[in-house]
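> below is the sequence, then the predicted model.
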Amino acid sequence: MSIDYSQRIPNNVDLSSDRRLQRALENWQPRFLDWWKDLGPDGSANFDVYLRTAISAEANGWANFGYVKMPEYRWGIFLAGRDPNRVIAYGDNKGKAAWQEVPGELRSTLRRLIVTQGDTEPASVEQQRLLGKTAPSLYDLRNVFQVNCEEGRHLWAMVYLLHAYFGRDGREEAEMLLERHSGDPDKPRILGAFNEKTPDWLSFFMFTYFTDRDGKYQLASLAESGFDPLARSCRFMLIEEAHHMFVGESGVQRIVQRTCDLMKEHKTDDVRALGAIDLATIQKYLNFHFSVSLDLFGQEASTNAANYYTMGVKGRYLETRIEDDHVLTDAGFDLDTVEGGRIVRKTVPALAALNERLRNDYVEDCAKGLLRWNKVIADAGIDFELKLPHRAFNRRIGAFAELCVSPDGSVMSEAEWKANESKWLPTAEDRAYVTSLMGPAVVEPGRYANWIAPPQHGINRQPANFEYVRFN
Ligand code: BYC
């Protein structure tokens, strides 16, 4: 079904045929806008931003580019098309028709997953709300705004499901999504990484590379859900998510490029003296964001994850392409865990290890960007390699949380770890340095801050000096 933009809430779910639901969402809409005004991109309400807006929920030709004032962005409800023959691909309900309504016994489980997913979306907007003040270019400013608007729409996607399928409980949960706030000591966001700060653009690019990539893997698993409206919501969200990860990967790459250019030109490692970010600091930020994002996959051994799978509410990454029985009751899975204070390899029941399996898929994907970043360094003839830290490094969730482990995987005493921490994670001084490079925003079209290289291409093939944001 095509998207109806004539409605107050654009949608492709025939919202006007359900007056009660439409009214309920129209009541939530002003609260969302108030939240956007208070906690969305700071001071941006009057800017004209060159944004893409979805015009169709299919994979090709879905976006339309044009200048939009962000509070007027057409947030709406867009689900990927329905396959009337879709069956559940795994678990106890394998082979049964996908559910169009929520099965009673799965109600609280599904609601909880949808709320956890929904909670991350406004959280990330809150985390990024001040970045516009220090944007390194109009191109980057436009990109953070695009990401923010789409995260806002992802919130709409989950709020629609809560309102449409979970009655009063769902409406209450939708309210709560606007009441918890990132870093709020009394009402924090649900997952750890979404209460961290995103105070500078290196953090932002690392966040969109590593944390949005968790989004990709979680959304892909929920896109396998037996609850078809959730699966279809996530399929469309995944299309939007790809741009966010591109922003992260290319952003880090441009910083690395600039650093390498300066190292070569001035024949020095000391690029801080030249106002750029040294490779060692980039590695520390990478260590932080990777380890915090690994926590988002949950415990290595998780009965929750086993239950989600067996019940058919959350599958594996690309479930239907995996060749096995899709039931997993007899299967084993090899993983690293902790025994007697040491990291040991063990075979555990595959069902219990589904979080770890998804984390493996994620780690493999993360490594690809590093290959590209390292190619920039190698092409400059510089002897340095960015590395993903060991998965046990700096963890708060799961078996490794109890161990002190270095980035190369050595287990050590807490005292030894603390003595080395400043080599592995950004120190207050590193953060102060990176912050000192930020801002004020570079607003001249085609100009870039000193610490980052220009992008290779413009958005929607626009020229290098394109005016992506007009301030009015
Ligand atoms: N922080 O059995 P376990 C995105 C809790 S990002 C705090 O392993 P499970 C985006 C857990 O809730 C994707 N608590 O849990 C990116 C559980 O609590 P209870 C977001 C945590 O359920 C960028 C307990 O520990 N989507 O879209 O298997 C920008 C036991 O753990 C954490 C989703 O996450 C943590 N890191 O796995 C914008 C998908 N980890 O039961 C957006 C939906 C675990 O003891 N969520 N706990 O009270 C899920 O699938 C699961 O909830 C999780 C956790 C994978 C997160």
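Perfect, thanks for sending it. Residues are numbered from 1 along each chain as shown.
> what parts of the stretch 251-400 of the chain come near the ligand?
Listed as neighbours of the ligand in the stretch 251-400 of the chain under the rule Cβ under 6 Å from any ligand atom: 295-299, 302, 304-305, 314, 355, 397. C-beta coordinates here come from the backbone N, C-alpha and C atoms, glycine included.
> make CSV from those residues and add secondary structure to it.
Shown next, in CSV, are these (DSSP: H, G, I helix; E, B strand; the rest coil):
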residue, secondary structure
295, helix
296, coil
297, coil
298, coil
299, coil
302, coil
304, helix
305, helix
314, coil
355, helix
397, coil
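> which of the residues you listed sits closest to residue 58?
residue 314 (24.5 Å; Cβ to Cβ).
> check contacts around residue 76.
Residue 76 sits next to 3, 5, 7, 9-11, 54, 153, 156 when contact means Cβ atoms under 8 Å, 6 or more residues apart in numbering.
> actually residue 404, not the one I typed
When contacts are counted by Cβ under 8 Å, 6+ apart, residue 404 touches 411-414, 416-417.
> restrict those residues to the buried ones and give me that as a PyMOL selection.
Command for PyMOL, covering only those of the contacts of residue 404 found buried under the criterion 16 or more other Cβ atoms under 10 Å:
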select buried, resi 411+417
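> now for the contacts of residue 404: which two are most distant?
Within these, two members stand farthest from each other by Cβ to Cβ: 411 and 414, at 11.0 Å.
> how many other residues sit next to residue 149?
Counted with other Cβ atoms under 10 Å, residues neighbouring residue 149 total 24.
> quick check, pLDDT for residue 10.
Per-residue confidence at residue 10 stands at 94 (pLDDT).
> re the thing from before, could the contacts of residue 404 go into JSON lines alongside secondary structure and pLDDT?
Formatted as JSON lines, these follow (DSSP: H, G, I helix; E, B strand; the rest coil; pLDDT from 0 to 100):
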{"residue": "411", "secondary structure": "strand", "pLDDT": "98"}
{"residue": "412", "secondary structure": "strand", "pLDDT": "98"}
{"residue": "413", "secondary structure": "coil", "pLDDT": "97"}
{"residue": "414", "secondary structure": "helix", "pLDDT": "97"}
{"residue": "416", "secondary structure": "helix", "pLDDT": "98"}
{"residue": "417", "secondary structure": "helix", "pLDDT": "98"}
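> which of the contacts of residue 404 lies closest to the ligand?
residue 417 (20.7 Å; Cβ to the nearest ligand atom).
> so what pLDDT did residue 60 get?
68.
> counting by contacts, list what the longest helix seen in the chain packs against.
Secondary structure assigned by DSSP state H gives helix 228-266 as the longest helix of the chain. Counting contacts by 3 or more Cβ pairs under 8 Å, 6 or more residues apart in numbering; DSSP states H and E, helix 228-266 is packed against helix 107-127, helix 138-165, helix 201-206, helix 212-222, helix 279-295, helix 354-379.
> are the first one and the ligand in contact anywhere?
This points to helix 107-127. Yes - legend: contact between helix 107-127 and the ligand by Cβ under 6 Å from any ligand atom is shown at 113, 116-117, 120-121, 124.
> before we move on, what about the longest one?
Yes - legend: contact between helix 138-165 and the ligand by Cβ under 6 Å from any ligand atom is shown at residue 151.
> that helix to helix 212-222, inter-axis angle?
Relative orientation of helix 138-165 and helix 212-222, computed by axes from the mean of the first three to the mean of the last three Cα atoms, to 10 degrees: 30 degrees.
> which helix or strand lies directly C-terminal to helix 138-165?
helix 167-179 (DSSP states H and E).
> for residue 405, give me its contacts.
Here residue 405 is in contact with 343, 390, 392-395, 411-412, 417 (Cβ under 8 Å, 6+ apart).
> possible to save the residues you listed as JSON lines with distance to residue 21?
Converted to JSON lines, the contacts of residue 405 look like this (distance: Cβ to Cβ, whole Å):
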{"residue": "343", "distance to residue 21": "50"}
{"residue": "390", "distance to residue 21": "48"}
{"residue": "392", "distance to residue 21": "46"}
{"residue": "393", "distance to residue 21": "46"}
{"residue": "394", "distance to residue 21": "44"}
{"residue": "395", "distance to residue 21": "42"}
{"residue": "411", "distance to residue 21": "54"}
{"residue": "412", "distance to residue 21": "56"}
{"residue": "417", "distance to residue 21": "52"}
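> noted, bye for now.
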